[in-house]
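In: Got a predicted structure plus its sequence, pasted below:
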Amino acid sequence: MNSEPCKIIALIGPPNAGKTSLYNHLTGSRFKTVNYPGATVEYSVGRLRKQGDLTPLSRKGDECCEPHETKQQLEPGECQVIDTPGIVSMIPRSQDEQVALSALTSLNSFLAVPNSSPHLIIVLLDATQPARHLPLVRQVLATGASVVVALTMNDLAKKMEQDINADKLSGLLGTPVVEVDGRTGEGVTELLAWIEMRTPDQPKVISLPSMPTMQEIQENFRWADSIVLQTVRNSQNKSSAHAELGILDRITLHPVLGLLVFALVMSTLFGTVFWAAAPLMDGIDSAFAYLSHVASSLLGNNWFGHLIADGVIAGCGAVLVFVPQIAVLFLVMGLLEDSGYLARGAMLVDRFLQLIGLNGKSFVPLLSGNACAIPAAMSARTIPGRRERLLTLLVIPLMSCSARLPVWGLLLGFLIPPDKLWLGGFALTGIYVASITFASVIAVIGGKLLRIEPSLTGFQVELPMWRPPTLRTILVSTLDRTWSYLQRAGLVILAVSVGFWLFMNLPSQDHSVATLLGHWIQPLLTPMGVDWRVGVALLAAFAAREVFVSALAVVYSVQGFGDTSSGLLDAMRKATFDGSNHLVFTTASTLGLIIFFMIALQCLTTVAVMRREVSNKFAFGQMFGFIALAWILASVTVQGLRFIGIA
């Protein structure tokens, strides 16, 4: 084995400057990148690309991954690249900035390396706004470390007729400046050459600078302005493309028009989730129906045949049929992210978030919560104020995560006629709007209960330029995120489907474990208008929210209300209470279940993350509080609808 110690290269730069895109090119990774601030809150370590080796050392960015808790074991004799959260200064103000600066000053605290500082620092400089980002470059250069400057966003700068002379900038800074394109990889070969030349055998120990005075801050920006004047060739006439960008911002950021555009975009997004995914869902449903028929024919009418047909196939198929909807959601969200629209969303909602005790910094965690609460909770580390961070963590589980999408698809599919799928888009939009509204109410109430002063830190965001989305990148990201969902949820769904079938049949079907448990909790379910079968499926959902669908499919297959060939929706339409002809699923009870799933904290992994991010008291109080509130509001909804004659 090569005994030469590994060398560490750190990527440092402002938010939204393209660090993760560059990291992907340097390591051959395919991590999801987004163009709004706060996307990266953990570090990533990857092996520097060399002689066609594109294997990443580790992954960050999976939808429900855990943060790194132990030191990474690095191979000796190699160069490793570490991607960090965005910073604008070497004076940390939040947890994510502290993570980035730890990569410069205490590297051995979270990586298994002997040195506290990296061998080489690559500082990213956004070519569209050099005057704002050059002070950070100056701070890094002042440490005396070996530095290479990567000049990014050059294509956008040229559209603005703002061309930077990289050679002259390199001479003024006294360090190599390399133009790179994070989308195409142009310039990465030259950067790799400079990395090889500029990486020393031993790193320089770096310490953080002291808090600068106002005079020093002003002097840094005067220095940056002088550098810009000497290196930037800027035409006095704005290009037509740049003028169009101003028009788009005036529309999307307008306090009235912007909200209308936002509502239209969201309605289009959720409508697309329904109609675009429908053909694929029908195909998957037919495939599982065929598999169930084949399994029943081959295995016969025995316990093993029923386990495979009613347990494995019925349970897994009931959830996997909604994967096209999840993929379409990821695809459309990727288009919005890559275009630059979601960064405008942060600006648009900042005023509203301030009214409920939050600010625009909460936008990214709340938005991430629509994918998964776990990375959303981790991304809340970007929020400087403790009060705002706790309130954000409090309401993140109320965001409608992707694991709920199969539940929404099932329940809305029961309520909405098959020939009016366009109503599904509006209904799904309504669910998301209701989730946000309820989260806002909880944030206001929570803010009054918290005895913590609001942070004086305001919200600032550097808006990225509008740009056409890169379809190939978005498709790859969509496939990765969908596959990540399948990997995360697949084994859980399979295990719960098999286990649930056993619970429904052992020791006997009439006196099974699930039946006894369901009848025990029936008094709690009656006000919600559902029976014990739905109750045991709700309990199974604590493993993962989407498991509710597979558990329900297994229950009704075993109970004889339907099978995979007739579909879960058909089984729900036939299901009645024990000893009665009263239907379990009605308009009232289905709406009650939607209310319950909007509020209840039905994911134990989320509880574990909240324990780590805050405390046991916070996590368990949040879990039991939301469950109780969900039960109360669902029961009130069902009984209220029945009172006015809606069964």
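Out: Arrived safely.
In: In this structure, where's the longest helix?
Out: Among all segments of the chain classified by DSSP state H, the helix with the greatest residue count is helix 471-505.
In: buried sites along that helix?
Out: When burial is assessed from 16 or more other C-beta atoms under 10 Å, helix 471-505 yields the following buried residues: 473-474, 477-478, 480-482, 484-486, 488-489, 492-494, 496-505. To be clear about C-beta, it is placed using only N, CA and C from the backbone, and glycine gets the same treatment.
In: Which neighbouring elements make contact with that helix?
Out: Applying 3 or more C-beta pairs under 8 Å, 6 or more residues apart in numbering; DSSP states H and E, we find helix 471-505 packed against helix 303-306, helix 314-320, helix 323-339, helix 513-525, helix 532-540, helix 547-559.
In: C-terminal to the helix or strand bottoming out on mean pLDDT in the chain, what's the next element?
Out: Comparing helices and strands within the chain by mean pLDDT, DSSP states H and E singles out helix 240-252 as the least confident, with a mean of 66. With elements assigned by DSSP states H and E, the helix or strand that comes after helix 240-252 is helix 257-275.
In: averaged over its residues, what pLDDT does the strand or helix carrying Leu591 have?
Out: The secondary structure element spanning Leu591 is helix 587-599 (assigned by DSSP H and E). Throughout helix 587-599, pLDDT has a mean value of 97.
In: Who are the packing partners of it?
Out: Taking 3+ C-beta pairs under 8 Å, 6+ apart as the contact cut, helix 587-599 packs with helix 405-415, helix 422-449, helix 616-643.
In: Identify all contacting residues around it.
Out: Judged by C-beta atoms under 8 Å, 6 or more residues apart in numbering, the contacts made with helix 587-599 from elsewhere in the structure are 398, 400, 404, 407-408, 411, 414-415, 431, 434-435, 438, 528-530, 534, 538, 545, 548, 626, 629-631, 633-635, 637-638, 641-642, 646-647.
In: can you map out the helices along the stretch 151-300 of the chain?
Out: When assigned using DSSP state H, counting those that start in this stretch, the helices of the stretch 151-300 of the chain occupy the ranges 154-159, 166-173, 188-198, 214-231, 240-252, 257-275, 278-299.
In: Nearest approach to Val81 belongs to which of those?
Out: Closest to Val81 of these, according to C-beta to C-beta: helix 188-198, at 9.0 Å.
In: Show me the shaky parts of this protein.
Out: Low-confidence segments of the chain, defined by pLDDT under 70, are located at 1-5, 30-42, 50-77, 94-96, 110, 234-245, 454-464, 509, 558-566.
In: hmm, what's the outermost residue in it?
Out: Relative to the centre of the chain, the most outlying C-alpha is that of Gly579, 45.3 Å out, by C-alpha atoms, centre = their mean.
In: And what about it, helix, strand or coil?
Out: coil (DSSP: H, G, I helix; E, B strand; the rest coil).
In: now it: how far from Asp531?
Out: Distance, Gly579 to Asp531, using C-beta to C-beta, to the nearest Å: 11 Å.
In: on that earlier part again, kindly reformat the helices of the stretch 151-300 of the chain as CSV containing distance to Thr586.
Out: Rendered in CSV, the data for the helices of the stretch 151-300 of the chain read as follows (distance: least, C-beta to C-beta, whole Å):
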stretch, distance to Thr586
helix 154-159, 55
helix 166-173, 68
helix 188-198, 60
helix 214-231, 64
helix 240-252, 42
helix 257-275, 22
helix 278-299, 24
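In: Kindly confirm my reading that Met378 forms part of a strand.
Out: No - according to three-state DSSP, Met378 belongs to no strand; its state is helix.
In: and it, how many neighbours does it have?
Out: One way to gauge burial is a neighbour count; for Met378, by other C-beta atoms under 10 Å, it gives 21.
In: measure it to Ser21 for me?
Out: From Met378 to Ser21 the distance is 20 Å (C-beta to C-beta).
In: Relative to Ser146, which of the helices and strands packed on helix 587-599 is closest?
Out: Distances from Ser146 to each of the helices and strands packed on helix 587-599 were compared using C-beta to C-beta; the shortest belongs to helix 616-643, at 43.2 Å.
In: got the domain boundaries for the chain?
Out: The record assigns the chain these domain ranges, following automatic domain parsing: 7-234, 257-272+326-449, 276-321+471-583.
In: Could you export those as CSV, including distance to Ile599?
Out: Written out in CSV, the entries for the domains of the chain read as follows (distance: least, C-beta to C-beta, whole Å):
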stretch, distance to Ile599
domain 7-234, 21
domain 257-272+326-449, 7
domain 276-321+471-583, 12
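In: Which one, of those, ends up nearest to Glu613?
Out: In terms of C-beta to C-beta, the element of these nearest to Glu613 is domain 257-272+326-449, at 5.3 Å.
In: ends of the closest one, how far apart?
Out: Using C-alpha to C-alpha, to the nearest Å, the span of domain 257-272+326-449 from its first residue to its last is 35 Å.
In: Angles on the backbone of Leu11, please.
Out: Torsion angles at Leu11 (phi, psi; degrees, to the nearest 10) stand at phi -100, psi 120.
In: wait, what's in contact with it?
Out: Shown here is Leu11, whose contacts under the criterion C-beta under 8 Å, 6+ apart are 19, 22-23, 81-84, 122, 124.
In: Mind checking which of those residues are in helices?
Out: For the contacts of Leu11, secondary structure assignment (DSSP H) places 19, 22-23 in helices.
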